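Student: What follows is a predicted protein model with its sequence.
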Amino acid sequence: VIGVVGGPRKAAAARELGCDLVVDRRVEDVVTVVKEATGGRGADVVYDPVGGDAFTQSTKCVAFEGRILVVGFASGTIPKAALNHALIKNYSIVGLHWGLYNAKDPDAVRACHDELTKLAADGKVKPLIGDRVPLAGAADAVQRVADGTTTGRVVVEPGAPEERR
């Protein structure tokens, strides 16, 4: 598992969570590091919640017959896929619009929710909560998420004391 992050705090979190290799995209060349780490092969599966330049980098370091799973555009930039490149390297680009499942297959949403709830209750998965803020701090928290300065989830707690922040 190769984690690509932005900044030392996120790198430390990724290592603590068990990534075999962590690449800080702010100070390292992602493509070079991934290619070196995989002996030139590239990554079999790329999970891309960022889009923009991250997607472009993904296409350069995905393996032959690999898969890029597009789940969002946190960078704010929706990339344009060069389908000739996907054809030449024979990789797949797969989109996952999770929110659409509410309309198309709500039973799948319920089943996933139930399974994730069970895994959390059994202690098998634990979301990384980087910060808890009172409702009054919600706007600032949203801005920090948009700026990419948060690590993990930010939980807004209505009625939480101001001093928790």
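Tutor: Done, it's in.

Student: what's the single longest strand in this protein?
Tutor: Assignment by DSSP state E gives strand 62-70 as the longest strand of the chain.

Student: Show me what the longest helix seen in the chain is in contact with.
Tutor: Taking DSSP state H as the assignment, the helix of the chain that covers the most residues is helix 106-121. Helix 106-121 is contacted from outside by Tyr101, Asn102, Val125, Lys126, Pro127, using C-beta atoms under 8 Å, 6 or more residues apart in numbering. Any C-beta I mention is one placed from the backbone N, CA and C, and that applies to glycine too.

Student: Does anything pack onto the helix or strand just after it? Which helices or strands?
Tutor: Counting by DSSP states H and E, the next helix or strand C-terminal to helix 106-121 is strand 129-134. Contact here means 3 or more C-beta pairs under 8 Å, 6 or more residues apart in numbering; DSSP states H and E; on that basis strand 129-134 packs against helix 138-147, strand 153-157.

Student: Now do the buried residues in the longest strand of the chain.
Tutor: Across strand 62-70, burial judged by 16 or more other C-beta atoms under 10 Å covers Val62, Ala63, Gly66, Ile68, Val70.

Student: What average pLDDT does it get?
Tutor: Across strand 62-70, the average pLDDT comes to 97.

Student: Report the contact partners of Asp20.
Tutor: Val1, Ile2.

Student: so what does the helix or strand hosting Ala103 touch, helix or strand wise?
Tutor: Element membership of Ala103, judged by DSSP H and E, is helix 101-104. When contacts are defined as 3+ C-beta pairs under 8 Å, 6+ apart, helix 101-104 packs onto helix 106-121.

Student: Quick check: bridge partners of Arg153?
Tutor: Under DSSP bridges, the beta-bridge partners of Arg153 are Ile129.

Student: Show me what the helix or strand where Lys60 lies is in contact with.
Tutor: Assessed by DSSP H and E, Lys60 sits inside helix 52-61. By C-beta under 8 Å, 6+ apart, the surrounding residues in contact with helix 52-61 are 4, 25, 30-31, 34-35, 38, 42-43, 46, 48, 68, 70, 73, 75-79, 81-82, 85-86, 89, 91.
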